[in-house]
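Asker: Can you look at this prediction? I've put the sequence above it.
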Amino acid sequence: MAATVRGAVRELLEQTMATMDALLAASDRELPMASSHACAQGKDVWTLITNDIDHEKIHTGQVLEGRYESRIPASPMERLVAEWLAERARFIGSLVGLTDEQFNGETAPGQWTYRAVAKHILLLEQDSLKTVAADQAARCPSAPPRAH
(Lines give C-alpha, C1' and ligand atoms only; values in the text may rest on other atoms or scores of the structure.)
Protein backbone atom coordinates (compact mmCIF):
# COMPACT_ATOMS: atom_id res chain seq x y z
CA MET A 1 0.00 0.00 0.00
CA ALA A 2 1.25 3.46 -0.83
CA ALA A 3 2.70 5.49 2.04
CA THR A 4 0.66 8.59 1.20
CA VAL A 5 -3.09 9.10 1.40
CA ARG A 6 -3.26 10.28 -2.22
CA GLY A 7 -1.23 7.26 -3.34
CA ALA A 8 -3.41 4.89 -1.33
CA VAL A 9 -6.58 6.41 -2.80
CA ARG A 10 -5.18 6.01 -6.30
CA GLU A 11 -4.23 2.38 -5.58
CA LEU A 12 -7.71 1.66 -4.19
CA LEU A 13 -9.40 3.27 -7.20
CA GLU A 14 -7.23 1.29 -9.62
CA GLN A 15 -8.06 -1.93 -7.77
CA THR A 16 -11.73 -0.99 -7.90
CA MET A 17 -11.55 -1.02 -11.71
CA ALA A 18 -9.66 -4.34 -11.72
CA THR A 19 -12.17 -5.92 -9.34
CA MET A 20 -15.13 -4.62 -11.32
CA ASP A 21 -13.62 -6.02 -14.54
CA ALA A 22 -12.94 -9.40 -12.93
CA LEU A 23 -16.39 -9.71 -11.38
CA LEU A 24 -18.21 -8.61 -14.52
CA ALA A 25 -16.16 -11.07 -16.59
CA ALA A 26 -17.57 -13.83 -14.39
CA SER A 27 -21.23 -14.59 -14.84
CA ASP A 28 -24.08 -14.86 -12.37
CA ARG A 29 -23.64 -18.63 -12.74
CA GLU A 30 -20.37 -18.28 -10.80
CA LEU A 31 -22.04 -16.95 -7.64
CA PRO A 32 -23.44 -20.27 -6.31
CA MET A 33 -20.16 -22.10 -7.06
CA ALA A 34 -18.06 -23.31 -4.13
CA SER A 35 -15.20 -21.07 -3.03
CA SER A 36 -12.03 -22.34 -1.35
CA HIS A 37 -11.29 -18.92 0.19
CA ALA A 38 -11.50 -18.87 4.00
CA CYS A 39 -13.75 -15.80 3.92
CA ALA A 40 -16.37 -17.77 2.00
CA GLN A 41 -16.92 -19.70 5.25
CA GLY A 42 -17.08 -23.03 3.42
CA LYS A 43 -19.75 -21.70 1.09
CA ASP A 44 -19.89 -20.06 -2.32
CA VAL A 45 -18.59 -17.11 -4.33
CA TRP A 46 -21.69 -15.08 -3.34
CA THR A 47 -20.76 -15.50 0.33
CA LEU A 48 -17.14 -14.56 -0.40
CA ILE A 49 -18.01 -11.34 -2.23
CA THR A 50 -20.73 -10.27 0.22
CA ASN A 51 -18.28 -10.96 3.05
CA ASP A 52 -15.74 -8.70 1.32
CA ILE A 53 -18.36 -5.95 1.04
CA ASP A 54 -19.30 -6.28 4.72
CA HIS A 55 -15.61 -6.42 5.65
CA GLU A 56 -15.02 -3.10 3.90
CA LYS A 57 -18.00 -1.55 5.71
CA ILE A 58 -16.58 -2.71 9.04
CA HIS A 59 -13.20 -1.15 8.30
CA THR A 60 -14.80 2.05 7.05
CA GLY A 61 -16.42 2.30 10.48
CA GLN A 62 -13.05 1.60 12.09
CA VAL A 63 -11.42 4.47 10.20
CA LEU A 64 -14.30 6.86 10.92
CA GLU A 65 -14.29 5.93 14.61
CA GLY A 66 -10.51 6.33 14.76
CA ARG A 67 -10.75 9.78 13.19
CA TYR A 68 -13.57 10.72 15.57
CA GLU A 69 -11.75 9.51 18.69
CA SER A 70 -8.51 11.15 17.56
CA ARG A 71 -10.33 14.36 16.70
CA ILE A 72 -9.28 14.31 13.04
CA PRO A 73 -12.40 15.65 11.35
CA ALA A 74 -12.55 16.26 7.64
CA SER A 75 -12.45 19.87 6.55
CA PRO A 76 -15.53 21.16 4.74
CA MET A 77 -13.83 20.63 1.34
CA GLU A 78 -12.63 17.15 2.31
CA ARG A 79 -16.17 16.27 3.37
CA LEU A 80 -17.51 17.50 0.02
CA VAL A 81 -14.94 15.42 -1.87
CA ALA A 82 -15.81 12.32 0.17
CA GLU A 83 -19.54 12.79 -0.43
CA TRP A 84 -18.97 13.46 -4.14
CA LEU A 85 -16.87 10.29 -4.40
CA ALA A 86 -19.63 8.22 -2.76
CA GLU A 87 -22.21 9.68 -5.15
CA ARG A 88 -19.96 9.02 -8.15
CA ALA A 89 -19.67 5.39 -7.05
CA ARG A 90 -23.48 5.18 -6.85
CA PHE A 91 -23.77 6.66 -10.35
CA ILE A 92 -21.22 4.24 -11.79
CA GLY A 93 -23.05 1.43 -10.01
CA SER A 94 -26.27 2.49 -11.74
CA LEU A 95 -24.56 1.90 -15.11
CA VAL A 96 -23.14 -1.52 -14.26
CA GLY A 97 -24.92 -4.27 -16.17
CA LEU A 98 -26.11 -2.16 -19.09
CA THR A 99 -25.03 -3.46 -22.48
CA ASP A 100 -23.33 -0.98 -24.80
CA GLU A 101 -26.53 -0.92 -26.86
CA GLN A 102 -28.62 -0.13 -23.78
CA PHE A 103 -26.05 2.49 -22.67
CA ASN A 104 -26.57 4.26 -25.98
CA GLY A 105 -30.37 3.92 -25.75
CA GLU A 106 -32.89 6.25 -24.15
CA THR A 107 -33.59 6.10 -20.42
CA ALA A 108 -37.26 6.41 -21.39
CA PRO A 109 -39.00 7.14 -24.71
CA GLY A 110 -38.04 10.63 -25.85
CA GLN A 111 -35.55 11.07 -22.97
CA TRP A 112 -31.76 11.31 -22.86
CA THR A 113 -29.66 8.23 -23.45
CA TYR A 114 -27.74 6.76 -20.53
CA ARG A 115 -24.56 7.85 -22.33
CA ALA A 116 -25.87 11.42 -22.64
CA VAL A 117 -26.58 11.45 -18.90
CA ALA A 118 -23.03 10.28 -18.15
CA LYS A 119 -21.57 12.83 -20.57
CA HIS A 120 -23.72 15.57 -19.03
CA ILE A 121 -22.39 14.72 -15.57
CA LEU A 122 -18.79 14.87 -16.80
CA LEU A 123 -19.25 18.11 -18.73
CA LEU A 124 -21.03 19.82 -15.83
CA GLU A 125 -18.30 18.71 -13.44
CA GLN A 126 -15.54 19.92 -15.78
CA ASP A 127 -17.32 23.26 -16.24
CA SER A 128 -17.73 23.66 -12.50
CA LEU A 129 -14.01 23.00 -11.92
CA LYS A 130 -13.06 25.52 -14.64
CA THR A 131 -15.30 28.10 -12.97
CA VAL A 132 -13.78 27.42 -9.55
CA ALA A 133 -10.27 27.85 -11.04
CA ALA A 134 -11.25 31.02 -12.89
CA ASP A 135 -12.88 32.48 -9.79
CA GLN A 136 -9.77 31.65 -7.76
CA ALA A 137 -7.55 33.32 -10.35
CA ALA A 138 -9.76 36.41 -10.38
CA ARG A 139 -9.52 36.72 -6.60
CA CYS A 140 -5.75 36.27 -6.55
CA PRO A 141 -4.29 37.12 -9.98
CA SER A 142 -0.65 36.81 -8.85
CA ALA A 143 -0.98 33.21 -7.65
CA PRO A 144 0.32 30.48 -10.01
CA PRO A 145 -2.32 28.06 -11.35
CA ARG A 146 -2.80 24.94 -9.23
CA ALA A 147 -2.13 21.51 -10.72
CA HIS A 148 -4.98 19.02 -10.62
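Answerer: On my side now, so go ahead.
Asker: C-alpha only now, for contacts and for neighbours.
Answerer: Will do.
Asker: Nearest residue to the middle of the chain?
Answerer: Taking Cα atoms, centre = their mean, the centroid of the chain lies closest to residue 89, which sits 3.5 Å from it.
Asker: where in the chain is pLDDT low?
Answerer: 143-148 (pLDDT under 70).
Asker: again, only using 80
Answerer: 141-148 (pLDDT under 80).
Asker: which stretches of it form helices?
Answerer: Ranges of helices within the chain are 5-25, 45-69, 76-95, 100-103, 114-139, based on DSSP state H.
Asker: got JSON lines for these, with distance to residue 38 too?
Answerer: Converted to JSON lines, the helices of the chain look like this (distance: least, Cα to Cα, whole Å):
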{"stretch": "helix 5-25", "distance to residue 38": "19"}
{"stretch": "helix 45-69", "distance to residue 38": "8"}
{"stretch": "helix 76-95", "distance to residue 38": "27"}
{"stretch": "helix 100-103", "distance to residue 38": "36"}
{"stretch": "helix 114-139", "distance to residue 38": "38"}
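Asker: Which of the ones you listed sits closest to residue 35?
Answerer: helix 45-69 (5.4 Å; Cα to Cα).
Asker: by how many degrees do the closest one and helix 5-25 diverge?
Answerer: Helix 45-69 and helix 5-25 meet at an angle of 160 degrees, taking axes from the mean of the first three to the mean of the last three Cα atoms, to 10 degrees as the criterion.
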